[in-house]
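Peer 1: below are the sequence and a predicted model for it; my questions follow.
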Amino acid sequence: MRAVAARDRAAGIGGLSLTEMPYPHATENDVIVRVHAAGFIAGELEWPGTWVDRAGHDRVASVPGHDVSGVVAELGYGTTGLTVGQRVFGLTDWCRNGSLAEYVAVEARNLAPLPADVDHTVAAALPISGLTAWQGLFDHGRLTTGQTALIHGAAGAVGAVAVQLAREAGARVIGTGRTADRDTALGLGAGAFLDLQTDPLEDAGEVDVVLDMIGGDHRGPMRRAS
Ligand SMILES: NC(=O)c1ccc[n+]([C@@H]2O[C@H](COP(=O)([O-])OP(=O)(O)OC[C@H]3O[C@@H](n4cnc5c(N)ncnc54)[C@H](OP(=O)(O)O)[C@@H]3O)[C@@H](O)[C@H]2O)c1
């Protein structure tokens, strides 16, 4: 099968090449997915799991990409809950070959059925950023209906999903970012937006949860004493 392979850790994205790779092997509880769309983050090329397996053995050439959407092509021994031909999306293992390929082996528990009205490219954009947003807001932040969430970087990959999830959960959302991010954040459901270059952060007032997808010092301009 054809796949994008990473062979040279020092070469970064420039070291990726389209090549022939062996068809993946479905181990117990695995599914082989015929890939229709995949997601890739450049930072993966620095993750240890891209270069070694769980036992620490070298696994070059490796196939990057951990977001996937596609159709079940084959079931491994003992796999239950999914059927051949079913549309699925999900997350591939950090330490195995990934989704920038025609086929990928994924544990069935890391896949979900893909509704018929959701496009594969949309689905492949969701797993990592969506799970990050979910974990931040609900597992760690314990955000609930009626609370206020301040989401820094609201127009970014994680922030954009977080704004929608928080709104859907019944929270009031204040997004932050650059001037050009205002319409995106408000369009996704933020009730208010603070431009970190011009608006004092204290304009947010009291909030219950802060999800910071920017990091560093970005408190915004200080309000002038009157
Ligand atoms: N994407 C994922 O699935 C994922 C998963 C786990 C962890 N993370 C981590 O989460 C963080 C955010 O990732 P992301 O993918 O959401 O990044 P992103 O798409 O670049 O989103 C960040 C947003 O914040 C804005 N921003 C950055 N610096 C700013 C500043 N000083 N003032 C105002 N706005 C600023 C960016 O605007 P510009 O684009 O104009 O700079 C962008 O809209 C990163 O540390 C990443 O490693 C990401």
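Peer 2: It's in.
Peer 1: the closest residue to the ligand within the chain: neighbour count?
Peer 2: Closest to the ligand within the chain is Gly156: 1.8 Å, counting by C-beta to the nearest ligand atom. Just so you know, the C-beta spots here come from the backbone N, C-alpha and C atoms, and that holds for glycine as well. Around Gly156 there are 18 other residues, counting by other C-beta atoms under 10 Å.
Peer 1: need the contact list for the closest residue to it other than its chain neighbours.
Peer 2: In this structure, Gly156 finds its nearest non-sequential neighbour in Met213, 5.5 Å apart by C-beta to C-beta, 6 or more residues apart in numbering. When the contact criterion is C-beta atoms under 8 Å, 6 or more residues apart in numbering, the partners of Met213 are Ile151, His152, Gly153, Gly156, Val158, Gly159, Ala162.
Peer 1: wait, isn't the residue of the chain closest to the ligand in contact with Arg178?
Peer 2: No. Using C-beta atoms under 8 Å, Gly156 is not in contact with Arg178, being 10.2 Å away.
Peer 1: give me the pLDDT for Arg219.
Peer 2: Arg219 carries a pLDDT value of 62.
Peer 1: same question, the one 4 residues further on
Peer 2: Per-residue confidence at Arg223 stands at 49 (pLDDT).
Peer 1: which positions in the protein make contact with the ligand?
Peer 2: 128-129, 132, 153, 155-159, 177-178, 181, 196, 213-215, 218 (C-beta under 6 Å from any ligand atom).
Peer 1: contacting residues for Arg167?
Peer 2: Val173, Leu188, Gly189, Ala190.
Peer 1: need the max-distance pair from the residues you listed.
Peer 2: Taking C-beta to C-beta as the measure, the contacts of Arg167 reach their widest spread between Val173 and Leu188, a distance of 8.6 Å.
Peer 1: more neighbours: which of the two?
Peer 2: More crowded of Val173 and Leu188, by other C-beta under 10 Å: Val173, with 28 against 20.
Peer 1: specify the local secondary structure of that one.
Peer 2: strand (DSSP: H, G, I helix; E, B strand; the rest coil).
Peer 1: residues in a beta bridge with it, which ones?
Peer 2: Beta-bridge partners of Val173, counted by DSSP bridges, are Ala149.
Peer 1: give me the mean pLDDT for the helix ranked longest in the chain.
Peer 2: Ranked by residue count, the top helix of the chain under DSSP state H comes out as helix 157-168. Averaging pLDDT along helix 157-168 yields 97.
Peer 1: what does stretch 18-35 give?
Peer 2: Mean predicted lDDT for stretch 18-35 stands at 96.
Peer 1: next one: stretch 137-144
Peer 2: 98.
Peer 1: equivalent analysis for stretch 185-203, please.
Peer 2: 95.
Peer 1: could I get that stretch in PDB with only the CA atoms?
Peer 2: Below are the C-alpha coordinates for stretch 185-203, written out as PDB (Å, rounded to 0.1, in the frame of the first residue of the first chain):
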ATOM      1  CA  ALA A 185     -14.900  32.800  17.800                       C
ATOM      2  CA  LEU A 186     -18.300  34.600  18.000                       C
ATOM      3  CA  GLY A 187     -19.500  32.600  15.000                       C
ATOM      4  CA  LEU A 188     -18.700  29.300  16.800                       C
ATOM      5  CA  GLY A 189     -20.800  30.400  19.700                       C
ATOM      6  CA  ALA A 190     -18.700  32.500  22.100                       C
ATOM      7  CA  GLY A 191     -20.900  35.100  23.700                       C
ATOM      8  CA  ALA A 192     -18.000  37.600  24.000                       C
ATOM      9  CA  PHE A 193     -14.500  38.000  22.600                       C
ATOM     10  CA  LEU A 194     -11.400  39.700  24.000                       C
ATOM     11  CA  ASP A 195      -8.700  40.800  21.700                       C
ATOM     12  CA  LEU A 196      -5.600  40.100  23.700                       C
ATOM     13  CA  GLN A 197      -3.700  43.000  22.000                       C
ATOM     14  CA  THR A 198      -6.300  45.700  22.900                       C
ATOM     15  CA  ASP A 199      -8.800  44.400  25.500                       C
ATOM     16  CA  PRO A 200      -7.900  44.100  29.200                       C
ATOM     17  CA  LEU A 201      -8.300  40.600  30.400                       C
ATOM     18  CA  GLU A 202     -10.100  41.800  33.500                       C
ATOM     19  CA  ASP A 203     -13.000  42.600  31.200                       C
END
